[in-house]
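Undergrad: Structure for this input, please:
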Amino acid sequence: QVQLVESGGGLVQAGGSLRLSCAASGRTFSASLMGWFRQSPGKEREFVAAIRWSSSATYYADSVKGRFTISRDNAKNTVYLQMNSLKPDDTAVYYCAAKRGLIATMWNQYEYWGQGTQVTVSS
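TA: Residues are numbered from 1 along each chain as shown. Down below sits the predicted model:
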């Protein structure tokens, strides 16, 4: 099992920044790919970004490319999501997720999930 705990959400004005953290514990070697998803009321959970523990490869949704940056600290078993130039449309609950194997952008392909952290961007 892999346990994931997110932190760093909050309320920010449009154009501002936030950094989310996801601390992983347990059998982290079994979850080679770490991802961030988000979900707002009435919408399906959508892919935001992903990164591997063992390489520099990163993946982003088009809607956040150039504004969000995913990174990792292997020594701390922590993945980060730096969010800049935030927009009201970025308002959602942000979830950290993990899976084995290939890159995936569908939420139902991920095995492990955190509890989520709320991000609210005011206009």
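Undergrad: Contact partners for residue 17?
TA: Residues in contact with residue 17 (CB atoms under 8 Å, 6 or more residues apart in numbering) are 82, 83, 84, 85, 86. C-betas here are computed from N, CA, C, even on glycine.
Undergrad: Now tabulate these in a markdown table and tack on neighbour count.
TA: Listed next are the contacts of residue 17 as a markdown table, based on neighbours: other CB atoms under 10 Å:
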| residue | neighbour count |
| --- | --- |
| 82 | 15 |
| 83 | 26 |
| 84 | 14 |
| 85 | 13 |
| 86 | 22 |
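Undergrad: Going by distance to residue 42, which of those residues wins?
TA: Proximity of the contacts of residue 17 to residue 42 (CB to CB) peaks at residue 86, which lies at 20.3 Å.
Undergrad: Who's the closest spatial neighbour of the residue nearest the centre of the chain, skipping the chain neighbours?
TA: Centroid-nearest residue in the chain, with CA atoms, centre = their mean: residue 36, separated by 2.1 Å. Nearest residue to residue 36, sequence neighbours excluded (CB to CB, 6 or more residues apart in numbering): residue 48, at 4.2 Å.
Undergrad: Quick check: that neighbour touching residue 64?
TA: Yes - at 5.7 Å, residue 48 and residue 64 qualify as touching, with contact defined as CB atoms under 8 Å.
Undergrad: count of neighbours near residue 43?
TA: 9 (other CB atoms under 10 Å).
Undergrad: Can you list phi and psi of it for me?
TA: phi -120, psi 160 (degrees, to the nearest 10).
Undergrad: And the pLDDT for the nearest residue to it once chain neighbours are set aside?
TA: In space, residue 43 comes closest to residue 92 once its chain neighbours are excluded; the distance is 7.9 Å by CB to CB, 6+ apart. On pLDDT, residue 92 comes in at 98.
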